[in-house]
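Visitor: quick one: sequence plus predicted model below, questions after.
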Amino acid sequence: MKLAIRGGLVLTPEGVAAADLLVEGDKVAAIGNDLDLAGAIEIDARGCLVGPGLVDVHTHLREPGQTWKEDLASGTRAAAAGGFTALVAMPNTEPPIDDGALVADIAKRARSLGPIEIHAAGALTVGRKGSEPADVEEMYLAGTRLFTDDGDCVEDVHLAEELMRALARLPGAVFAQHAERASMTRDGHMHEGPASRRLGIGGLPSDAESQIVARDLGLARKTGVSYHCQHVSALGTVDLIREAKSEGLPVTAEVTPHHLTFSETDLESLDPNFKMYPPLRADEDRLALRSGLLDGTIDVVATDHAPHTTAEKAVGFTRSPRGVIGLETAAAATWEAVFDPHRFFEVLSSRPARIAGMRTQGHLPMAGSPANLVVFDPDKRWTASSFFSKSSNSPYLGRQMKGRVVATIAAGELVYQQQGGRA
């Protein structure tokens with residue numbers, strides 16, 4: 001396929017260029033203002049940013065085992081609409097992704113669906129039960145680079161250290177932690193604070209997160225493992241990560257779009273589409289997350305896309321499952337937090353690609369680079385009202401947003417065009 005992206009602001013290694021971009025096959029063929037575009041499918045990118053396709057290091061695709069919520073096919077359609085050309089699928093499936101055969105199967109089925117790249121994260125413990133280490137080397141040889149029991153925390157300190165030492169021996173392997181001390185959050189449904197007390201709902205304290213992170217950073221210091229803190233939500237955690245980075249520890253961290261946008265005050269209506277773990281916290285936490293993202297303490301934005309059906313969510317706030325979708329709104333929510341083209345593509349593309357070890361993702365466009373690209377209109381206003389995901393449990397539902405994906409190109413294929421838009 002030959003594609004021409006016309007008149008955009010292209011983020012190249014040399015800087016931002018007002019230019020056309022030509023794609024031939026799975027590579028960027030040329031960037032310039034006098035290109036031969038004959039025979040190419042044209043995409044109007046006037047007023048738009050053109051940069052590397054987005055990469056999500058934290059996606060729940062629900063396959064295997066819960067495909068009524070989402071599956072690889074619907075998840076990749078949602079990803080394409082959100083500008084993502086690569087995803088890391090979390091292992092809290094049924095059965096959990098805890099061996100090399102399951103990792104290989106996810107990769108094989110993803111390749112059969114199209115060019116959007118899907119890597120399976122591997123569970124740290126057998127069955128994600130937190131008692132026995134999984135065979136991380138087998139999963140590593142099958143292609144996994146990020147390991148996590150996401151949805152649950154590896155709380156046993158000796159087991160965590162054993163796993164960190166095993167992963168430290170594997171180049172590029174990452175120990176990723178869902179930091180949550182279960183004994184402190186067992187009866188909680190929202191952040192422990194003024195709103196939970198006013199509403200009479202059990203709270204989840206910030207310390208449940210920061211205590212685990214503090215412990216893990218000590219273990220990372222001992223073992224030398226690459227440590228990644230998932231869905232950071234609390235001011236105290238941001239401070240711990242900032243201090244660890246100042247020491248030179250190999251530590252990275254992610255924040256979700258919804259934690260950048262909302263706080264506990266948005267829960268007054270007890271809308272289950274605002275129930276997620278970690279929970280929305282105080283406004284001072286939200287502001288600390290934004291500051292941490294802007295100053296580099298937090299490395300990436302990750303969606304924590306967690307689909308649930310309308311029926312599953314429509315059982316009242318305390319009985320509702322935790323989690324919200326995010327692939328199709330992440331770009332706009334991140335743009336509203338950073339308002340800077342370079343930082344936007346750093347936190348949504350180049351840095352996540354490095355963490356996940358994705359060699360063909362996150363490259364600023366230049367002649368010969370992989371044609372994984374997104375065209376993003378930073379000024380487009382739109383309302384989040386429908387989704388390509390099987391589920392619609394979004395806190396952005398009905399919200400007017402600024403910034404929208406116009407087109408997504410994965411491995412040289414045009415996998416998404418905004419309906420009725422520029423493409």
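Guide: Arrived safely, thanks for sending. Predicted, not measured: the structure shown is a model, and the values here were computed from it.
Visitor: and the strands in the stretch 251-400 of the chain?
Guide: Using DSSP state E, counting those that start in this stretch, the strands of the stretch 251-400 of the chain run over 251-255, 300-301, 373-383, 400-410.
Visitor: now the angle from the last one to strand 373-383?
Guide: Strand 400-410 and strand 373-383 are oriented at 160 degrees to each other (axes from the mean of the first three to the mean of the last three CA atoms, to 10 degrees).
Visitor: please apply the same query to the first one.
Guide: Counting by the same axes, to 10 degrees, strand 251-255 lies at 40 degrees to strand 373-383.
Visitor: give me the mean pLDDT for strand 251-255.
Guide: Throughout strand 251-255, pLDDT has a mean value of 98.
Visitor: now stretch 132-141
Guide: pLDDT averaged over stretch 132-141 gives 98.
Visitor: equivalent analysis for stretch 289-307, please.
Guide: Computed over stretch 289-307, the average pLDDT equals 98.
Visitor: gap between it and the chain center?
Guide: Here stretch 289-307 is found 9 Å from its chain centre; the criterion is CA atoms, centre = their mean, to the nearest Å.
Visitor: repeat that for stretch 389-403.
Guide: On CA atoms, centre = their mean, the centre of stretch 389-403 falls 16 Å from that of its chain.
Visitor: rewinding a little: out of the strands of the stretch 251-400 of the chain, which comes closest to residue 10?
Guide: Relative to residue 10, the nearest member of the strands of the stretch 251-400 of the chain by CB to CB is strand 373-383, separated by 9.3 Å. In this view, the C-beta of every residue, glycine as well, is placed from N, C-alpha and C.
Visitor: what lines up beside the closest one in the sheet?
Guide: Using DSSP bridges, the strands paired with strand 373-383 in its sheet are strand 49-52 (antiparallel), strand 400-410 (antiparallel).
Visitor: out of the strands of the stretch 251-400 of the chain, which one sits most buried?
Guide: strand 300-301 (a mean of 28; mean count of other CB atoms under 10 Å).
Visitor: the residue positioned nearest the centre of the chain: what's it in contact with?
Guide: Centroid check for the chain by CA atoms, centre = their mean gives residue 302 as the closest residue, at 2.4 Å. Contact partners of residue 302, counting by CB atoms under 8 Å, 6 or more residues apart in numbering, are 56-58, 230-231, 254-256, 352.
Visitor: which of the residues you listed sit farthest apart?
Guide: For those, the farthest-apart pair by CB to CB is 231 and 352; their separation is 13.6 Å.
Visitor: show me which of the two is the more surrounded one.
Guide: residue 352 (28 against 23; other CB atoms under 10 Å).
Visitor: how near is the more buried one to residue 246?
Guide: Computed as CB to CB, to the nearest Å, the residue 352 to residue 246 distance reads 22 Å.
Visitor: what of residue 203?
Guide: As judged by CB to CB, residue 203 and residue 246 stand 31 Å apart.
Visitor: neighbour count winner among the two?
Guide: Ranked by neighbour count (other CB under 10 Å), residue 203 and residue 246 place residue 203 first, with 22 against 9.
Visitor: what's the pLDDT at residue 187?
Guide: Residue 187 is given a pLDDT of 89.
Visitor: for the residue lying closest to it once chain neighbours are set aside, give its distance to residue 178.
Guide: Using CB to CB, 6 or more residues apart in numbering and skipping residues adjacent in sequence, the residue nearest residue 187 is residue 202, 4.3 Å away. Distance of residue 202 to residue 178, computed by CB to CB: 19 Å.
Visitor: what segments of the stretch 151-300 of the chain are helices?
Guide: Secondary structure of the stretch 151-300 of the chain by DSSP state H, counting those that start in this stretch: the helices cover 157-168, 194-199, 207-223, 235-247, 257-261, 283-295.
Visitor: now do the contacts for residue 301.
Guide: 254-257, 260, 293, 330, 334, 337, 347-348.
Visitor: which of those lies closest to residue 28?
Guide: Using CB to CB, residue 348 comes nearest to residue 28 of the contacts of residue 301, at 18.9 Å.
Visitor: count of neighbours near that closest one?
Guide: 32.
Visitor: residue 226 versus that one, what's the distance?
Guide: For residue 348, the distance to residue 226 - CB to CB - is 20 Å.
Visitor: can you check residue 170 too?
Guide: Remark: distance between residue 170 and residue 226 (CB to CB) = 10 Å.
Visitor: distance between the worst-scoring helix or strand of the chain on mean pLDDT and the chain's centre?
Guide: None of the helices or strands of the chain scores lower by mean pLDDT, DSSP states H and E than helix 194-199, at a mean of 92. Computed by CA atoms, centre = their mean, the chain-centroid distance of helix 194-199 equals 30 Å.
Visitor: ok, now stretch 174-191?
Guide: 19 Å.
Visitor: now stretch 72-80
Guide: Distance, centroid of stretch 72-80 to centroid of chain: 14 Å (CA atoms, centre = their mean).
Visitor: could you do stretch 37-52 as well?
Guide: Using CA atoms, centre = their mean, the offset of stretch 37-52 from its chain centre is 26 Å.
Visitor: got it, and stretch 295-312?
Guide: 6 Å.
Visitor: quick check: end-to-end length of that stretch?
Guide: End-to-end span of stretch 295-312 (CA to CA, to the nearest Å): 38 Å.
Visitor: buried sites along it?
Guide: 297-309, 312 (16 or more other CB atoms under 10 Å).
Visitor: next one: stretch 312-325
Guide: 312-313, 317, 320-321, 323-325.
Visitor: farthest-apart pair in those, please.
Guide: 317 and 325 (17.6 Å).
Visitor: quick one: contacts for the spatially closest residue to residue 268 that is not a sequence neighbour?
Guide: Excluding its sequence neighbours, the residue lying closest to residue 268 (CB to CB, 6+ apart) is residue 195, at 7.1 Å. Shown in contact with residue 195 (CB under 8 Å, 6+ apart): 264-265, 267-268.
Visitor: now, of these, which are buried?
Guide: By 16+ other CB under 10 Å, those give 264, 267 as buried.
Visitor: which one of the contacts of residue 195 is nearest residue 114?
Guide: Residue 114 has its nearest neighbour among the contacts of residue 195 in residue 267, at 37.6 Å by CB to CB.
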